[in-house]
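Participant: sequence-free structure coming up:
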């Protein structure tokens, strides 16, 4: 049986020859994960849809530069990350938090009584996109650190630093939001 | 174990990169150190909350819209800089050629100059302006000629700099394209941490 990797390679090959049906199959296969990623990055359903479409159009335009030895999904996430960051840059920036980190003890108690998921999403949107992207890829898309590093063309240590800092910032934003509301 | 080391190990553990032995040592430290235990718990809870975010449903397939908006031909991502490079080569060639023609004072370069001279001469003769004489016209013409020649040298210098710049850019570009598997992705990527 053909595995996903080989199937993607075949579809890319056909799409490169101008087969739009093959490309549509790729879009249908990956639109949901890319939409989800864009939604978590941007926080708006309509904008996430637009971004998803833009990503696939960019993918079509640059298919020739895709190297078959790489995972197609990783390449997609790299393009999606860049696209989301570009879109966020064009927006008016909500003050990104990069302040002194602190520990918290009261997260669990208050979160049990609240719309936890909504709070996490809005906390995520308060982080700088570079932290947001690695957190989403690592924890929501299960992409390995080495894979994030390879597809984003960043050193492994840079990815780790962003991950470590991102986790702490996310914790602090959640904690801060709860302190204000309490 | 010191707290600083314990915090590094917490990060490594959450990255999924801590050995069993190091994990056991960390656990022993967490039992003794309240601050580190709080740090560890809060981060584990944060990650756990993040992981519990559910998939968002996409209410319609975007495949139709995407396919309808696809450009007709693939544009090779690597071709864009090459097109720019070819363009700059043509520009360099044009500038160099232009400069050389100015220096060598090919006839057509003299045309506007001759027109000006004839025009001024005509005015001087017909309107009999005292301050425009044949001598002053000749001086002006020589002056203009020197400016044209100087401009020519500048243009040639500029043209040759363009050639050199192109060569340098080509080397950098070749290196870059070889190094990066995802050219398009890289061009939009941010820098370091």
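Facilitator: Perfect, I can see it now. All values derive from a computational prediction rather than experimental measurement.
Participant: quick one: the helices in chain B, in order.
Facilitator: Under the criterion DSSP state H, helices of chain B are mapped to B:3-14, B:20-32, B:34-51, B:63-68, B:79-103, B:107-127, B:134-179, B:183-187.
Participant: that should have said chain A, apologies.
Facilitator: Remark: helices of chain A, listed N- to C-terminal, are A:4-16, A:20-42, A:45-61, A:72-90, A:107-111, A:116-125, A:129-135, A:145-152, A:156-181; assignment by DSSP H.
Participant: and those, which is most packed in?
Facilitator: Of all these, helix A:129-135 carries the top mean neighbour count, a mean of 24, counting by mean count of other C-beta atoms under 10 Å in any protein chain shown. Yep, even glycine has a C-beta here, placed from its N, CA and C like the rest.
Participant: average pLDDT across it?
Facilitator: Helix A:129-135 shows a mean pLDDT of 93.
Participant: quick revisit: rank the helices of chain B by pLDDT, which is bottom?
Facilitator: helix B:183-187 (a mean of 43).
Participant: tell me the confidence at residue B:61?
Facilitator: Residue B:61 is assigned a pLDDT of 89 by the prediction.
Participant: in chain A, which helix or strand is least confident?
Facilitator: Ranking every helix and strand in chain A by mean pLDDT, DSSP states H and E puts helix A:107-111 at the bottom, with a mean of 52.
Participant: residue ranges with poor pLDDT in chain A?
Facilitator: Within chain A, the segments meeting pLDDT under 70 span A:1-2, A:92-115, A:179-182.
Participant: take the helices of chain A and write them to TSV, including distance to residue B:59.
Facilitator: As requested, the helices of chain A are exported to TSV (distance: least, C-beta to C-beta, whole Å):
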stretch	distance to residue B:59
helix A:4-16	24
helix A:20-42	10
helix A:45-61	9
helix A:72-90	19
helix A:107-111	29
helix A:116-125	18
helix A:129-135	24
helix A:145-152	28
helix A:156-181	28
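Participant: mind putting those into TSV with distance to chain B?
Facilitator: Putting the helices of chain A into TSV (distance: least, C-beta to the nearest C-beta, whole Å) gives the following:
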stretch	distance to chain B
helix A:4-16	7
helix A:20-42	4
helix A:45-61	5
helix A:72-90	4
helix A:107-111	6
helix A:116-125	5
helix A:129-135	6
helix A:145-152	6
helix A:156-181	4
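Participant: separation between residue B:55 and residue A:35?
Facilitator: Distance, residue B:55 to residue A:35, using C-beta to C-beta, to the nearest Å: 9 Å.
Participant: an error on my part: the question was meant for residue A:80.
Facilitator: Counting by C-beta to C-beta, the gap from residue A:80 to residue A:35 is 9 Å.
Participant: need the overlap of contacts for those two.
Facilitator: Contact with both residue A:80 and residue A:35 is made by residues residue A:52, according to C-beta atoms under 8 Å, 6 or more residues apart in numbering or on different chains.
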